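Peer 1: coordinates for the following, if possible.
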Amino acid sequence: MYDKDNPLLDDPILLQEACIDYICDNISSICNSVTTESGDQKLQFKEEEIFFHTELSEQLLVRLCEKKKLDDLVLTLFQGETTRLRHVRLSDASKLTVKGLKTLKGHKIVELEALGLTKATVTDLISCLGEWSLQNLRLLNVSNSTFMDSNKFCVVVALAKLRNLQVLNVSNTEFSRTSLDLVVEDLPLLETLDISQTKVNDISPLRKCKERLKSLSLYGCKLPASTSDSVVSVLSELTELVHLDISDDKEDHPPFDILAPGAKFKISTLLQKTDSLPKLHSFDISGKEEIVLSDLSSFLVTHTSLNFLGLVLTEACKDEMFTDENHPDYSTQIVVSGFGTEHQILEALKRYLARPQYIQKTLYYLFKMTTGNYEPKIDMNLPRVDIIFKVLSCAREYPTVFPIQMAATACLFNLSKSDLGAKIHPKILKEIVKADLDAMETFPQHQQLQKNVLLTICSDRILQEVNFDKYRCAKLVLDCLCSWQDHSMNRMSVAICSILAAKISTEETSELGSHASYMKKLLSIVRGRMQEALMDITMKFTLSALWNLTDESPRTCKVFLDEEGMELFLDVLRTFPGESAIETKILGLLNNIAEVSWLRSSLLVDPFIDILRTLLHSSSIEVSYFAAGIVAHLASDKPERWVVAGTPKSVITGELWNVVSGWTYPSEEMVAYRSFKPFFPLLQPKQEEAVQLWAVWAIHHVCTKNPSRYCGMLAQQGGEVVLLELVREASTHPTVSNITDQVLSTMVEQGFLAQRKVFVSF
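Peer 2: Presented below is the predicted three-dimensional model:
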């Protein structure tokens with residue numbers, strides 16, 4: 001449970017939930033598909049002695065829906081005696097047909113929700129219920145489903161079989177005035193009815209159930225403005241109503257045009273009847289125009305039991321009577337949804353997840369309130385994880401609705417930026433990143449949305465400490481980099497890539513780096529900065545990204561060379577002489593190329609070797625180190641492969657020995673390695689002494705600065721075998737042997753090598 005006073009504490013997932021998740025994610029491996037007597041396929045658990053009690057069965061069904069895994073075959077898992085269902089919640093029934101729904105016949109169901117049922121009709125659904133369920137069903141929710149049969153007729157007569165039904169939700173279906181007539185006649189116990197966004201345009205049949213109807217939702221119903229008096233007359237007779245929702249989306253026709261096809265009845269007529277609806281607790285008039293505040297105030301005064309008032313998409317929600325606690329008419333008893341305060345915003349996000357227009361507007365106002373420049377402000381001194389969860393729910397609910405995704409990404413940035421991110425649990429940040437990447441992938445051509453995501457993800461906290469799909473992120477960011485000529489977006493993109501490229505596998509960096517379009521873009525940024533002689537943060541991040549993308553990736557190195565990266569880098573070195581930050585990154589990348597034997601010929605050219613010899617003697621040990629690494633790899637090949645006319649191999653290896661011998665070990669770790677395997681050819685007995693010296697010096701440096709990581713890596717990759725062979729060889733130079741011995745001793749100290757193995761070697 002989230003604790004706002006301890007935002008970095010998070011309870012682990014319950015064991016039962018973890019088990020349910022495991023089952024959902026591994027259906028194919030823990031179940032068999034068998035053929036029934038009728039020739040149909042059905043799933044059953046491989047373990048025969050399995051029984052899920054009712055609560056567990058229902059939880060499994062809900063989770064399968066949430067994970068979008070429920071289809072006809074998966075639903076057959078609930079056939080037979082292994083499961084029991086009483087409350088069936090099919091939040092996404094879009095993949096289900098009669099074939100799968102027949103599974104329901106074997107259960108005694110009292111509540112049934114089948115949302116988005118379009119491959120079968122509601123009549124089909126009811127025909128798949130057993131006799132017990134038909135007699136005892138109390139709740140039916142078929143929102144967003146269809147009543148249309150194959151002949152395009154709206155058939156609702158099957159509802160009449162549900163004689164004990166108390167709650168019916170047919171919102172956003174073809175349900176009509178005729179359907180309403182049938183329902184109020186044939187369902188004698190009906191108390192709760194939701195006919196929102198249906199074809200009902202006349203509610204007069206409701207008079208027949210006026211003494212029992214307690215909840216009525218008419219959101220978005222086309223009740224003509226010309227019938228306002230008759231609508232209010234009917235509503236006034238529903239004296240038992242506790243909940244009434246007559247909200248609308250924003251009007252799309254000119255005001256005062258009561259004859260317009262979409263014109264809806266005016267709320268003022270109802271508000272003026274202050275003696276109507278005496279038992280009302282919940283009253284939603286969101287989206288209603290021309291609310292007269294004096295009428296509304298009088299209505300509230302006479303309805304003292306009211307505890308909820310919906311005012312989204314109205315100006316009334318901003319009135320002081322709903323925003324100022326010191327106002328004489330302000331009521332602490334009434335919860336208001338709207339845009340006037342933080343509480344109104346949060347209430348709107350909680351209540352209206354199924355209404356995209358409401359969500360879009362609410363997120364817009366939420367964004368303004370979280371910027372700090374708009375009144376009322378939302379208190380952002382502590383992370384607002386409660387709000388983050390609500391925004392994430394909206395983003396997940398409407399993955400393809402651009403205005404909602406646009407607003408959600410902007411809100412998520414405001415809610416997690418700067419110091420706030422450091423106080424938010426990594427698990428929640430992971431959810432933010434996932435939602436952002438989903439939006440980024442869905443809307444690649446919307447620049448501001450892409451920028452919102454970059455702003456959120458370009459955070460040390462997220463990039464270094466949060467576990468998310470880093471390859472997917474890097475690919476989407478590189479796609480973004482190639483799409484927009486925007487300096488701030490470019491800077492963030494290369495910063496993100498420079499970090500992520502070091503955190504994904506070499507196979508993944510190869511996949512990314514081998515895209516010529518990505519390489520062209522990165523090199524074009526370097527070229528542009530070089531031509532302006534501009535050594536800014538974007539230049540440094542881009543060089544780092546290229547360095548990390550080429551690490552242990554011959555494919556990427558080849559693309560770099562094919563795109564004339566070598567020539568460009570030589571020009572960069574000439575443009576920024578003595579700039580160690582630039583030189584280190586360039587030499588780091590060229591080191592990656594030098595590790596690939598079949599690409600070394602690209603480096604064995606006089607112009608580069610001349611520069612390399614100069615950098616070998618640099619006063620910066622980082623620059624000198626990477627220059628020496630390139631020399632060591634180039635010199636490790638057979639003598640006949642050294643084809644540089646201006647510099648004999650013996651000369652440059654002599655310089656290499658002298659330079660490495662003169663180094664003092666730095667106090668900090670100055671390089672990170674994924675693998676020691678490129679070093680092993682340099683450590684072979686009979687190899688050039690200077691080459692061996694650089695390689696063993698490098699290994700010694702990282703193993704002493706970060707022994708727990710690198711001694712383990714060295715042992716795992718068989719490095720001790722290579723080092724032991726080197727010290728066994730009588731011709732090995734004493735300096736090389738001495739450093740090698742120190743590395744082996746460090747491995748022994750760290751517990752990665754037995755002492756006796758070292759003794760045996762001598």
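
Peer 1: all contacts plus neighbour counts: C-alpha atoms, from now on.
Peer 2: Will do.

Peer 1: gap between stretch 712-723 and the chain center?
Peer 2: 39 Å (CA atoms, centre = their mean, to the nearest Å).

Peer 1: and it, what's buried?
Peer 2: 712-714, 719-720, 722-723 (16 or more other CA atoms under 10 Å).

Peer 1: cool, and stretch 383-396?
Peer 2: Those buried within stretch 383-396 under the rule 16+ other CA under 10 Å are 383-385, 387-388, 390-395.

Peer 1: chain neighbours aside, what residue packs nearest to the residue nearest to the spatial centre of the chain?
Peer 2: Nearest to the geometric centre of the chain sits residue 434, at 1.1 Å (CA atoms, centre = their mean). Of all residues not flanking residue 434 in the chain, residue 468 sits nearest, at 7.4 Å (CA to CA, 6 or more residues apart in numbering).

Peer 1: again, but for residue 694
Peer 2: Using CA to CA, 6+ apart and skipping the chain neighbours, the partner closest in space to residue 694 is residue 660 (6.4 Å).

Peer 1: in contact with the one you found, which residues?
Peer 2: Residues counted as contacts of residue 660 (CA atoms under 8 Å, 6 or more residues apart in numbering) are 628, 693-694, 697.

Peer 1: now it: phi and psi?
Peer 2: Backbone torsions for residue 660, taken as degrees, to the nearest 10, come to phi -60, psi -40.

Peer 1: do the same with residue 41
Peer 2: phi -90, psi 140.

Peer 1: equivalent analysis for residue 282, please.
Peer 2: phi -130, psi 130.

Peer 1: sketch out the low-pLDDT regions of the stretch 51-200 of the chain for me.
Peer 2: Within the stretch 51-200 of the chain, the ranges that satisfy pLDDT under 70 run 150-154.

Peer 1: what mean pLDDT does stretch 484-497 have?
Peer 2: For stretch 484-497, mean pLDDT rounds to 96.

Peer 1: repeat for stretch 698-707
Peer 2: Averaged over stretch 698-707, pLDDT sits at 94.

Peer 1: what does that stretch rub up against?
Peer 2: Under CA under 8 Å, 6+ apart, the answer for stretch 698-707 is 665, 668-669, 671-672, 676, 709-711, 739-740, 742-743, 746-747, 750.

Peer 1: and it, what's buried?
Peer 2: 698-705, 707.

Peer 1: and for stretch 295-310?
Peer 2: Of all the residues in stretch 295-310, those buried under the rule 16+ other CA under 10 Å are 295-296, 299-300, 303, 305-310.

Peer 1: CA atoms of it as CSV?
Peer 2: Below are the C-alpha coordinates for stretch 295-310, written out as CSV (Å, rounded to 0.1, in the frame of the first residue of the first chain):
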residue,chain,number,x,y,z
ASP,A,295,-31.1,27.5,-9.0
LEU,A,296,-28.4,25.0,-8.2
SER,A,297,-27.8,26.5,-4.8
SER,A,298,-31.5,26.4,-4.0
PHE,A,299,-31.7,22.7,-5.1
LEU,A,300,-28.7,21.8,-2.9
VAL,A,301,-30.3,23.5,0.1
THR,A,302,-33.4,21.3,-0.2
HIS,A,303,-31.5,18.1,-0.8
THR,A,304,-29.6,17.7,2.5
SER,A,305,-28.7,14.0,1.8
LEU,A,306,-26.7,14.8,-1.3
ASN,A,307,-23.1,13.6,-1.0
PHE,A,308,-21.9,13.8,-4.6
LEU,A,309,-22.4,16.4,-7.3
GLY,A,310,-20.9,16.0,-10.8
